[in-house]
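J.: predicted coordinates and the sequence they were generated for:
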Amino acid sequence: IYGKLGDIFGRKIVMQFAVIIFLFGSLFSGLANNLLTLIVARAVQGVGGGGLFVLALTLAADLVSPRERGKIQGLFAAVFGTSSIIGPLLGGFFVDNFSWHWIFLINIPICIFAQIIFQFGFKIPHKRKPSNIDYKGAFFLSIALTTFVLIASFSGKEIKIGSSFFYFLLLICFISTWVFVRIEFLVDDPLLPMDLFKLNNFSAYVFIGFLSGVVLLSTLTFTPVFLQMAKGYSPTSSGMQILPLTIGIIASTSTCGIVMSKTGKYKLLPTFGSIFLIAGLFWMSRMNAETNGVTIGFILLLIGIGLGPQLSVVTTAVQNTVNINQIGTATAALTMFRQIGSTFGVAFFSAIFVLTIKRSMNFLPTEKIFTSPDGIFSIEPGSLVNLNASQIVAVEKSFSAGIETVFFSLVFVAMLNLITSLLAKEITLRS
């Protein structure tokens, strides 16, 4: 929706609107005194945050040519990676020394500073494009995505798989998706033009975006679980162990930006990245409780190097494929499918992870381990205090087996990513 609005009204005004929504969402979250208020405020914050994420990538298209855009994407990756490190540490500091409210209130001065930059530092003019907003499409897309997220996030926990409510959500998701697609074919100015999928590169790189979302969030989700349960890391230590992944993404994204700027070509970059990705994920699937931290860090560095081109190069390639007046819509579509991939990947591989662990732990006294109705989702290192030494070793091996299954499965996702990158065509970046 933000991508389309940016194409119609201009990225500057829509971005400023998103910043204001995010600011008020942060303010209300920081002032919340009960859970319901916090949930509603976080929803408002999410409405604004969605615009920040999409429009930041799209603004690069307004500022520089496709050939130079890779450098900007590399800068974005560096900022995003650095923020991902500083944010959790700063949040922990606020919670320990002040209160949790400040993890939201800190956004307010940042938002005000951003507004000043946009108002006085962003001077690119935009002529409003006459257009009718596709309200029906936006409504049914929102319903489809909301039900999809509910199914992916809560199935097996709050929502029992096979229950009537589960099938009801599934039906709503399928019907809303079908209606949305039908509307997009019929309206004059669709929210997501289906004609875009006729473009070989758009379809290929959007699918790569989906696959990279699967790999990235699955890696970020299951690696800390393995480190905490199989190796006894603290949450902070497991978070710090992820740093090489971020470093790899920043390094490869920046390198790809330089290569694209000098050569104007990009097709082989995701292909080479996929090779690193396959190697890293396969090596990750061979991990066990005896694998040392240095080795794990190097493996994550390889995965990060492989993911970098899938994140930055793909964005530039998609923007280079479509007309200038569709860049916002195309970038938003890529971001949406990447986030769908992230949600789907974690849900799908969580199911595989849980099944593997439960099969391995059948002989253990699970009533001493599963301390809440959430079952395996509630396991943490403290859950093992009631077990003897041999049982703790068995639990560690079970988690190692689960991680092995997940990452070995992700190898095939990376292989599919490699094949898809080979199907894309080289369209020289405009200077």
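T.: Received the coordinates, thanks. Here the structure is a predicted model, which is why all the values come from computation and not from measurement.
J.: which residues touch Phe98?
T.: Residues near Phe98 by C-beta atoms under 8 Å, 6 or more residues apart in numbering: none. Where you see a C-beta, it was placed from the backbone N, CA and C, and this is true even at glycine.
J.: low-confidence ranges in the stretch 301-431 of the chain?
T.: The model of the stretch 301-431 of the chain has pLDDT under 70 over residues 360-392.
J.: run through the helices of it in chain order.
T.: Taking DSSP state H, counting those that start in this stretch, the helices of the stretch 301-431 of the chain run over residues 327-360, 389-423.
J.: looking at the ones you listed, which one is packed in the most?
T.: helix 327-360 (a mean of 21; mean count of other C-beta atoms under 10 Å).
J.: which helices and strands does it pack with?
T.: Packing partners of helix 327-360 (3 or more C-beta pairs under 8 Å, 6 or more residues apart in numbering; DSSP states H and E): helix 2-9, helix 35-63, helix 135-154, helix 200-230, helix 293-321, helix 389-423.
J.: just put these in JSON lines and tack on distance to Ile258.
T.: Formatted as JSON lines, the helices and strands packed on helix 327-360 follow (distance: least, C-beta to C-beta, whole Å):
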{"stretch": "helix 2-9", "distance to Ile258": "27"}
{"stretch": "helix 35-63", "distance to Ile258": "16"}
{"stretch": "helix 135-154", "distance to Ile258": "36"}
{"stretch": "helix 200-230", "distance to Ile258": "20"}
{"stretch": "helix 293-321", "distance to Ile258": "11"}
{"stretch": "helix 389-423", "distance to Ile258": "20"}
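J.: relative to Asp189, which of those is closest?
T.: Minimum separation from Asp189 across the helices and strands packed on helix 327-360 (C-beta to C-beta) falls at helix 2-9, 8.6 Å.
J.: just to revisit the earlier point, just so I know, which of the helices and strands packed on helix 327-360 lies nearest Val346?
T.: helix 200-230 (5.2 Å).
J.: was I right to think Ile124 contacts Ala61?
T.: No. With contact defined as C-beta atoms under 8 Å, Ile124 does not count as touching Ala61 (10.5 Å).
J.: who has more neighbours, those two?
T.: Neighbour count, other C-beta atoms under 10 Å: between Ile124 and Ala61, Ala61 has more, with 23 against 10.
J.: how many neighbours does the closest residue to Ile303 other than its chain neighbours have?
T.: Leaving aside its sequence neighbours, Ile303 sits nearest to Gly280 (C-beta to C-beta, 6 or more residues apart in numbering; 3.8 Å). Residues lying near Gly280 (other C-beta under 10 Å) number 28.
J.: quick one: secondary structure of Gly280?
T.: helix (DSSP: H, G, I helix; E, B strand; the rest coil).
J.: please verify my assumption that it contacts Gly297.
T.: No. At 11.5 Å, Gly280 does not count as touching Gly297 under the criterion of C-beta under 8 Å.
J.: quick check: end-to-end length of stretch 418-429?
T.: 21 Å (C-alpha to C-alpha, to the nearest Å).
J.: returning to what we had before: reformat the helices of the stretch 301-431 of the chain as JSON lines; add distance to Ser431.
T.: Listed next are the helices of the stretch 301-431 of the chain as JSON lines, based on distance: least, C-beta to C-beta, whole Å:
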{"stretch": "helix 327-360", "distance to Ser431": "17"}
{"stretch": "helix 389-423", "distance to Ser431": "23"}
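J.: nearest to Leu211, out of those?
T.: helix 389-423 (4.5 Å).
J.: counting by contacts, list what that closest one packs against.
T.: For helix 389-423, the packing partners by 3+ C-beta pairs under 8 Å, 6+ apart are helix 200-230, helix 268-285, helix 327-360.
J.: what mean pLDDT would you report for the helix or strand where Ile249 lies?
T.: Using DSSP states H and E, Ile249 sits in helix 243-263. Here helix 243-263 scores 86 as its mean pLDDT.
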